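**Q** The sequence and its predicted three-dimensional model are supplied below.
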Amino acid sequence: MKKPPATDNDEMRKQYDLTKLKGGVRGKYLSHTTTASNLVLLDPEVAGMFPNSEAVNRALRLLADTAISATRSDRADRRLLSK
């Protein structure tokens, strides 16, 4: 029984010869990315609560403003109580 002729199902163009690409280093910029970035990964269940990054930023700003306001009012209350 003869084998069917080999078909070339590769969609890459012939001028792209990947054998010429040498010297690549895996994770070359990983340390730079992790130290010089403000990238934050959300857990999937948390990320599902927000439609986009703008909504996340709005929620965080609101939370930060609330925390700052609560801290200021706590300080004011303590000052009033100490008098």
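**A** Yep, that arrived.

**Q** From here on, just use CA atoms for contacts and neighbour counts.
**A** Noted.

**Q** Number of residues surrounding residue 50?
**A** Residue 50: 13 surrounding residues under other C-alpha atoms under 10 Å.

**Q** you'd agree it is up against residue 58?
**A** No: between residue 50 and residue 58 there is no contact under C-alpha atoms under 8 Å: 10.3 Å.

**Q** Pull the distance from the least confident helix or strand in the chain by mean pLDDT to the chain's centre.
**A** Using mean pLDDT, DSSP states H and E, the weakest-scoring helix or strand in the chain turns out to be helix 30-35, at a mean of 77. Helix 30-35 has its C-alpha centroid displaced from the chain centroid by 13 Å (C-alpha atoms, centre = their mean, to the nearest Å).

**Q** avg pLDDT for the longest helix seen in the chain?
**A** Secondary structure of the chain per DSSP state H: the longest helix is helix 53-82. Taken as a whole, helix 53-82 has a mean pLDDT of 84.

**Q** and if you look at stretch 2-12?
**A** Here stretch 2-12 scores 66 as its mean pLDDT.

**Q** how long is it from one end to the other?
**A** One end of stretch 2-12 to the other measures 28 Å (C-alpha to C-alpha, to the nearest Å).

**Q** Could you list which residues are in contact with residue 32?
**A** The contact partners of residue 32, by C-alpha atoms under 8 Å, 6 or more residues apart in numbering, come to none.

**Q** any idea how far residue 39 is from it?
**A** Remark: distance between residue 32 and residue 39 (C-alpha to C-alpha) = 12 Å.

**Q** repeat for residue 52
**A** Distance from residue 52 to residue 39, by C-alpha to C-alpha: 15 Å.
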